[in-house]
Each structure stands twice: as C-alpha cells, then as structure tokens.
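Asks: I would like the atomic coordinates for the input below:
(chains A, B, C and D)
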Number of protein chains: 4
Amino acid sequence: MSPRPAPQPRAAYRHIRAIPTRWMDNDVYGHVNNVTYYSYFDTVVNGYLIERGALDIARSEVIGLVVETRCNYFRPLSFPETIEAALRVAHQGTSSVRYEIGIFRAGEDAACAQGHFVHVYVERASGRPVALPDDLKRALAPLVV
Amino acid sequence: MSPRPAPQPRAAYRHIRAIPTRWMDNDVYGHVNNVTYYSYFDTVVNGYLIERGALDIARSEVIGLVVETRCNYFRPLSFPETIEAALRVAHQGTSSVRYEIGIFRAGEDAACAQGHFVHVYVERASGRPVALPDDLKRALAPLVV
Amino acid sequence: MSPRPAPQPRAAYRHIRAIPTRWMDNDVYGHVNNVTYYSYFDTVVNGYLIERGALDIARSEVIGLVVETRCNYFRPLSFPETIEAALRVAHQGTSSVRYEIGIFRAGEDAACAQGHFVHVYVERASGRPVALPDDLKRALAPLVV
Amino acid sequence: MSPRPAPQPRAAYRHIRAIPTRWMDNDVYGHVNNVTYYSYFDTVVNGYLIERGALDIARSEVIGLVVETRCNYFRPLSFPETIEAALRVAHQGTSSVRYEIGIFRAGEDAACAQGHFVHVYVERASGRPVALPDDLKRALAPLVV
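Replies: Take a look at the predicted model:
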C-alpha cells in the first residue's frame, strides 16, 4: 500500500471555516464517521466559492463537478466538537482545480484528517468542461500555495 | 387535516444554538431537505445536555430514546446560511421530556420551521424507563416555559 | 402530552418499498437514528411518484413541498436490516396530500415506527399552490384508504 | 495531478450488494452527491463482514477503523436508481485490509465510480492495532484478487 502521508500544520492552508459537528456525525463507535469528513470538504469548498461570488447554486452557467476525492484519517473527532476545515488550492488545470483540505480540532496544529477534492468545471447545460472562468480564478487566487 | 400552527417568535424559546448549514443539506430543489431539520433538532437537544453535563454519550447510565418527533415547515432555508435552533422544554413527565424547537433564519423573529422531540429516559443497560435523574432536571430547569 | 398512537398492521397500507439500511443509519446507540426514518419517508413517497410517472425531478412543472412531518417510534431497527416502508394516502385537499407511512421489520406485522408526511403541490416556477394535477391524482388512487 | 484511473469491469470484483438510492442522496445538481458514495462503501464492507459473522457491531473485541478512503467519479447516478456496490480485497497487511469498491449502474459493465477503503483492525477497548483475526481472514478469503 502507498505510504501514509504525515498530518499537515494549519500554516499549510490559506482559509479556515468552522464547522460544528452534529449528533448524526457520530457513528456507532462514537466518532465522526469517515463519510462525514467529505461533507466538511464540500462545505468548505462550495461555501468559499459562494461567499466569494464565484458560485451561485441556482444560476451559475459554470458549475464544479467532483471527479476525485480522498481522505486520510489520523485521529478521531466527536460530536459536540466544532472542527475547523482548512483549505488551499494545490493545482489549477485548464478546467480543473485540486483543492486540499485539512480537518483540525480547535486549538491543535496538526490535522486530524486531510485530503483532496478535485472539481472539473463544466457548462451546466451541456456538462462539457470549460476553461476556468475569470471570477473563479480571482476567487481562488488567495488559496493558491 | 389538523390546523397548521403559527410560527413562533424567538422569545418563546430559552436557548439558542447556531448551526451552519452544509452543502449536503440542500436537496434537489435547492433548499434544506425536510429530513435535515430533525438533525438540527437532535443536535440542539443533545448538544445542550452534553454541554450542561447531563449526558455523557459513552458513559451515562441513563440515556434518552426518541419516541416522537414532529416538524412544521413554514419557509425554506438554504446552504450556506447559518440557522439558529431555539429550544425550550414544554413538558416533563415521570420519564419523558417534550422538547420544542424553533428553527430561525439569522435576523428574523418568526420561526422558519418548528416542532417537537420527545425523549424517554431509560437505563442504558436494560432499556427500561427511569425517573428523570436529578442532574438532568437541573440541566432542564432553565429551558422550562 | 397527546396520547401515543398504537402501531398499525401492514394491512393498513397500500404499497410497500424495501429499503436496506446503511452503516451510517445507526447512531451512537447502535440503532437507526430518529432522523433517518424521515429519509425513508421521502424515499417511499417520491420513489412511488417517480415510478408511477407523476413526478419528474428535473422537469415537472408541479412539485411537492413538505409542510409537515411526524413520526412515532415504537421499536428500534439496526443496520444491516432491510426495512419495509409502507405507504397510504389518508387525505387529499385542494393542493395537498397527507401521506401516512409505516416502517416495518421484515416478517413482522406491527409497525416499528409510523408517521405522516404532508405535501403541498406548487408550481415550480412561482412556488404557488396549485390544484392537484390529474396525473398525480391517478397515481395516488391506489394508495387511498 | 496523478492520472485518472480507468473504470473497471464487474469481473474485477468478487461480491456485489444492491443499494437502492434515496431521495436525499441527490444533491442540488440532481445527482448522487460525492459524499454519499462513501456511505455505499462502508455499507458494502461492513455489511459483508457482519453477514459473514466477522463483525458484531456491539460485541466484537476487534473492530475496523478507517484510515484512508478515495473515490474517482466517472458518470453520475441519481435517485431512484438501485446501484450495485462491488467489493474485492486488494491487500492484507498485518493489521490492515485494503478494500476496493466499484459502484455500478444496473445492467452496465463499467463502474460509474470506484475507490478504496482501508481498515486498520484494532482492539476495541484500547484502540491498538492487532493482527487480523482468523474469522476475519476466513471471511475475506473469497474477496481476495
């Protein structure tokens, strides 16, 4: 199996979003379920894009479709913690963006989990990939590492 | 059909918890799905109990089982809003508590949705109803209307 | 508190949909979380409407908005059970339909949970209530008790 | 960015589980949300282990903790489809198992999405990794490729 990555520090990211956990996030073993981390991922990515004006869910002509996600889990989290989802952009292609996310416990510097999330941007009507729009590139600029 | 209740104001509740919506909360019609409101309900109830020391998920000998829930939906909410879940206790029986919850949009005084959530408190090991423990009754006192 | 209803038998319903539980349905106490039952409710209602041709999620001009839901929980269910969601129509108004749902364990005749789900049908573009369309009324006819 | 893998055929897997989609699986763009695929992953893995007697959620002294997951998404799926989750074991370490999963549309031979899910098996009480128990190894044998 491929070697396990090391947890990254907060300084490796460019944007932070606090996400309170919910009762349902805990699974039967008492910790946030592995699936739920991906809900934190698409919340921090899409929340950022909407709040910077680069995505309007109902009206944008260009939308991001997810083509790949991955997560490594280092230490468990549990409801009722508020976690922090940290975001950066690691790569921009012609039509795609690779976002990287760290999930932190409040007050800790090493990620409890980290992963990536690749969006391909497509014309909503046709589903065809398009060049990254200028407003998206402007919104992403502060996230680029 | 039974008459539809009127939306209640914030002053009708005793405790507020901010809950940021998540990307997945929106359903295919672009609004928070009806199911998700119940996730806000059990988050505000159990979050309150844990933070007041009346519930330890892993160790409490007495736990609350849900026997009835209901919600009326008045106006839609959408990601990426942060909603506020407001809580009160409307009734305490021998073993049960009826919590009532209002879901508010930030800055609005009329609930967007409201409902209730009835817990029966049971001995964890046997599942048998027990009298409400004193630490639970103390935690609930500020919520009683 | 209002009196607790009695569990209904399968014969009280008109349509059944098998729904396998998922790992995430179980909460920290090892049973299907109260919230998840409502996901079974909107799956049996909307699945029925789509499969009978009365709802096309992307194209229908008339869609159902949920204005009220309720559930009573009698006995727990757990992953990996396959549950059965049973459906009937208890009332049709000018623009609204009251669906009633029972959640059954395979091989049992008394519901483990039961509740209702009220749709108001609206014009998708304006959100205004409309008279129930004829194709919807035809689809509902076999469910009416 | 690393090259995108090619969709695998059904014959590459050793076990299949049908999973009906649910209304809530669809996100605002009308397709099963990227997060939900991971719920299919842990349902097919844990469902298999439970049904082969290698996992008892409440009592097993050894449980699997998820340390890494990944998914590539090739073509969208939507409620009310029933998808098929196909499973194989690609690697067994001392304490870990790498499961690989393909998500198929009924009647199609190329995966709509595929990924992996790595469990480290630990003693439930201490959280310490343990050698894979014999009953687990027996349950996994038919999945090994």
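
Asks: tilt between the helix ranked longest in chain A and helix D:34-51?
Replies: The longest helix of chain A (DSSP state H) is helix A:34-51. Using axes from the mean of the first three to the mean of the last three Cα atoms, to 10 degrees, one finds that helix A:34-51 and helix D:34-51 are set 180 degrees apart in direction.

Asks: average model confidence for helix A:34-51?
Replies: Averaging pLDDT along helix A:34-51 yields 98.

Asks: same for the helix or strand following it, what does it pack against?
Replies: Downstream of helix A:34-51, the next assigned helix or strand under DSSP states H and E is strand A:62-73. Counting contacts by 3 or more Cβ pairs under 8 Å, 6 or more residues apart in numbering or on different chains; DSSP states H and E, strand A:62-73 packs against helix A:34-51, strand A:113-123, strand D:62-73. Just so you know, the C-beta spots here come from the backbone N, C-alpha and C atoms, and that holds for glycine as well.

Asks: who in chain A is up against chain C?
Replies: Residues of chain A lying near chain C by Cβ under 8 Å from any Cβ of the partner chain: A:23-24, A:26-28, A:30, A:33, A:35.

Asks: give me the subset of the residues you listed that also touch chain B.
Replies: Answer for the residues of chain A next to chain C near chain B (Cβ under 8 Å from any Cβ): A:23-24, A:26, A:30.

Asks: pLDDT below threshold where in chain A?
Replies: Within chain A, the stretches with pLDDT under 70 are A:1-2.

Asks: interface residues of it facing chain D?
Replies: A:1, A:4, A:28-29, A:33-36, A:38-39, A:41-42, A:57, A:63, A:65-73, A:76, A:91, A:93, A:96, A:98, A:118.

Asks: show the contacting residues for the residue nearest the centre of chain A.
Replies: With the centre of chain A defined as its mean C-alpha position, the nearest residue by Cα atoms, centre = their mean is A:Phe41, 3.3 Å away. Residues in contact with A:Phe41, defined by Cβ atoms under 8 Å, 6 or more residues apart in numbering or on different chains, are A:69, A:71, A:85, A:99, A:101, A:115, A:117, D:35.

Asks: returning to that earlier point: possible to save the ones next to chain B among the residues of chain A next to chain C as CSV with distance to C:Ala139, secondary structure and neighbour count?
Replies: Converted to CSV, these look like this (distance: Cβ to Cβ, whole Å; DSSP: H, G, I helix; E, B strand; the rest coil; neighbours: other Cβ atoms under 10 Å in any protein chain shown):
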residue, distance to C:Ala139, secondary structure, neighbour count
A:Trp23, 36, helix, 24
A:Met24, 32, helix, 23
A:Asn26, 39, strand, 24
A:Gly30, 43, coil, 13
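
Asks: ok, so of the residues of chain A next to chain C, who is nearest C:Val122?
Replies: Closest approach between the residues of chain A next to chain C and C:Val122, by Cβ to Cβ: A:Met24, at 28.8 Å.

Asks: that's a strand at A:Phe104, yeah?
Replies: Yes - according to DSSP: H, G, I helix; E, B strand; the rest coil, A:Phe104 belongs to a strand.

Asks: please verify my assumption that it contacts A:Ile83.
Replies: Yes - in this structure, A:Phe104 is within contact of A:Ile83 by Cβ atoms under 8 Å, at 6.6 Å.

Asks: mutual contacts of these two, please.
Replies: Taking Cβ under 8 Å, 6+ apart as the criterion, A:Phe104 and A:Ile83 both touch A:Cys112.

Asks: buried stuff in the longest helix of chain A?
Replies: For helix A:34-51, a neighbour-count test (16 or more other Cβ atoms under 10 Å in any protein chain shown) marks A:34-50 as buried.

Asks: and stretch A:130-139, by the same measure?
Replies: A:132, A:136, A:139.

Asks: of the residues of chain A next to chain C, closest to C:Ile16?
Replies: Nearest member of the residues of chain A next to chain C to C:Ile16, counting by Cβ to Cβ, is A:Met24, at 26.4 Å.

Asks: skipping adjacent residues, who's closest to that closest one in space?
Replies: In this structure, A:Met24 finds its nearest non-sequential neighbour in B:Ser39, 5.1 Å apart by Cβ to Cβ, 6 or more residues apart in numbering or on different chains.

Asks: pull the contacting residues for the one you found.
Replies: A:22-24, C:35.

Asks: mind running it again at 10 Å?
Replies: By Cβ atoms under 10 Å, 6 or more residues apart in numbering or on different chains, B:Ser39 lies in contact with A:22-25, B:19, B:22, B:25, B:32-33, B:85, C:33-36, C:38.

Asks: can you lay out the contacts of A:Phe41 as CSV showing distance to C:Leu143?
Replies: CSV is the format used below for the contacts of A:Phe41 (distance: Cβ to Cβ, whole Å):
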residue, distance to C:Leu143
A:Thr69, 39
A:Cys71, 42
A:Ala85, 43
A:Tyr99, 45
A:Ile101, 45
A:Gly115, 44
A:Phe117, 42
D:Val35, 32
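
Asks: and these, which are buried?
Replies: Using 16+ other Cβ under 10 Å as the burial test, the contacts of A:Phe41 include A:69, A:71, A:85, A:99, A:101, A:115, A:117, D:35 as buried.

Asks: report the contact partners of the spatially closest residue to the last one that is not a sequence neighbour.
Replies: For D:Val35, the nearest residue in space outside its immediate sequence neighbours is A:Tyr38; the separation is 4.2 Å by Cβ to Cβ, 6+ apart. The neighbourhood of A:Tyr38, defined by Cβ under 10 Å, 6+ apart, consists of A:66, A:69-71, A:101, A:115, A:117, B:23-24, D:33-39, D:69, D:71.

Asks: kindly report the same for A:Ala131.
Replies: The contact partners of A:Ala131, taken as Cβ under 10 Å, 6+ apart, are A:62, A:93-95, A:121, A:137.

Asks: closest one to chain B out of the buried residues of stretch A:130-139, please.
Replies: A:Ala139 (14.2 Å; Cβ to the nearest Cβ).

Asks: wait, is the closest one part of a strand?
Replies: No - the assignment for A:Ala139, made by three-state DSSP, is helix rather than a strand.

Asks: you'd agree it is up against A:Tyr48?
Replies: Yes - at 7.5 Å, A:Ala139 and A:Tyr48 qualify as touching, with contact defined as Cβ atoms under 10 Å.

Asks: quick revisit: buried members of the contacts of A:Ala131 into PyMOL, please.
Replies: Buried subset of the contacts of A:Ala131, written as a PyMOL selection, criterion 16+ other Cβ under 10 Å:
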select buried, chain A and resi 62+95+121
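
Asks: got the contacts of A:Ala131 as a markdown table, with distance to D:Ala11 columns?
Replies: Shown next, in a markdown table, are the contacts of A:Ala131 (distance: Cβ to Cβ, whole Å):
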| residue | distance to D:Ala11 |
| --- | --- |
| A:Val62 | 38 |
| A:Gly93 | 32 |
| A:Thr94 | 34 |
| A:Ser95 | 32 |
| A:Tyr121 | 34 |
| A:Lys137 | 43 |
